[in-house]
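Student: Attaching a predicted model along with its sequence, questions to come.
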Amino acid sequence: MTGSSIVFTGCALLLALSQTVSASTLDCNNLYIGRIWIEKGAGLKAVVYLNQRGDSSGSYWSYFTGWSADNKKEVLSTLLAAKAANHRVNVVTESADNCSLQVGGTVTKAIYLTTNP
């Protein structure tokens, strides 16, 4: 095996591994932040999660109903940081399956920045 074929094999493996991370609004993993709804008097209202950066649509709105004003500020800073850095997030909702972003009307319960953007 020559040095160039080793480099090519390594690049192919890296490319294959990079494509194994897939976002899904069906299981709430590896999502990007889309639209963020902030309303006067209420603060953070809801967010739309995206499967891919640049998507023009994604999940239905997921709300922050029941979150305290301080918690909304904390999660808003996390959402803005993730959006600005194009960092993926994992989401847990209050739905029975902890996701249901494609159903609509969900309430976000937790957001986790993924280990690898």
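Tutor: Yes, it's here.
Student: quick one: the strands in this structure?
Tutor: 32-39, 43-50, 62-63, 89-93, 106-113 (DSSP state E).
Student: what's the angle from the last one to strand 43-50?
Tutor: Angle of strand 106-113 versus strand 43-50, following axes from the mean of the first three to the mean of the last three CA atoms, to 10 degrees, is 70 degrees.
Student: quick one, what contacts V89?
Tutor: Neighbouring residues of V89 by CB atoms under 8 Å, 6 or more residues apart in numbering: N30, L31, Y32, I33, Y49, A82, I111, Y112, L113, T114. In this view, the C-beta of every residue, glycine as well, is placed from N, C-alpha and C.
Student: change it to 6 Å
Tutor: Contacts for V89 (CB atoms under 6 Å, 6 or more residues apart in numbering) come out as L31, A82, I111, L113.
Student: ok, now W37?
Tutor: So W37 contacts K45, A46 (CB under 6 Å, 6+ apart).
Student: quick revisit: which among the contacts of V89 end up buried?
Tutor: By neighbour count, with 16 or more other CB atoms under 10 Å, the contacts of V89 hold L31, A82, I111 as buried.
Student: hmm, back to that, tell me the one of the contacts of V89 nearest Q102?
Tutor: L31 (12.0 Å; CB to CB).
Student: What distance do you get for that closest one to G104?
Tutor: 16 Å (CB to CB, to the nearest Å).
Student: cool, and K40?
Tutor: As judged by CB to CB, K40 and G104 stand 24 Å apart.
Student: partners of the residue minimising distance to the centre of the chain in the sheet?
Tutor: Centrality entry for the chain: nearest residue to the mean C-alpha point is L31, 2.7 Å, by CA atoms, centre = their mean. On the basis of DSSP bridges, L31 is bridged to V89.
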